[in-house]
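Colleague: Model the structure of this input:
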Amino acid sequence: MHHGTRLAGRAMAGLVISLSAGSALAGPPPVSPSVTPPVIIRADVDQLEPDRLVIRGTNFGVTSAPIVLLAKIPLEVLSFSDAQIVARLPIDAPPARYRLQVFARGTSPSAFFEVTLGRRPGRRSEG
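Modeller: Residues are numbered from 1 along each chain as shown. Purely as a prediction, here's the structure:
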């Protein structure tokens, strides 16, 4: 009987530990409703420096650099403010439409934003 009580006690302790670990590992903590996710309003290639993408919007953060993904590839953030990000484009990115997303620290990611790089199909270059 004494042996059975110890075994039941260990089983209960293991269950409590696994339940508390399970809730801790269930996923990221919910984002505070007071923290607004970033919003991309506009994204354009810089005309003077064509290896740079200028992203304008809101809630990009000011304390740590946001993460910028272009077609799921992280871009190097050169500068940022709460309303603008300048990121370096890959030198070998072919002209196309890409999905852009911004992750600011402590918030949900931005919605996907579609950006066109390079000459648009069907338009002649001016010059």
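
Colleague: which residues of this structure score low on pLDDT?
Modeller: Scanning the chain for pLDDT under 70 picks out 1-34, 119-127.

Colleague: Spit out the contact partners of residue 62.
Modeller: 80, 81, 82 (C-beta atoms under 8 Å, 6 or more residues apart in numbering). Heads up, the C-betas are built off the backbone N, CA and C, glycines and all.

Colleague: for the closest residue in space to residue 51 that isn't next to it in sequence, what are its contacts?
Modeller: Closest residue in space to residue 51, ignoring its immediate chain neighbours: residue 89 at 5.3 Å, by C-beta to C-beta, 6 or more residues apart in numbering. Listed by C-beta under 8 Å, 6+ apart, the contact partners of residue 89 are 45, 50, 51, 52, 53, 70, 75, 117.

Colleague: can you redo the residues you listed as CSV with secondary structure, distance to residue 60 and neighbour count?
Modeller: Shown next, in CSV, are those (DSSP: H, G, I helix; E, B strand; the rest coil; distance: C-beta to C-beta, whole Å; neighbours: other C-beta atoms under 10 Å):
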residue, secondary structure, distance to residue 60, neighbour count
45, strand, 18, 16
50, coil, 22, 12
51, coil, 20, 13
52, strand, 16, 18
53, strand, 13, 24
70, strand, 15, 19
75, strand, 13, 20
117, strand, 20, 21
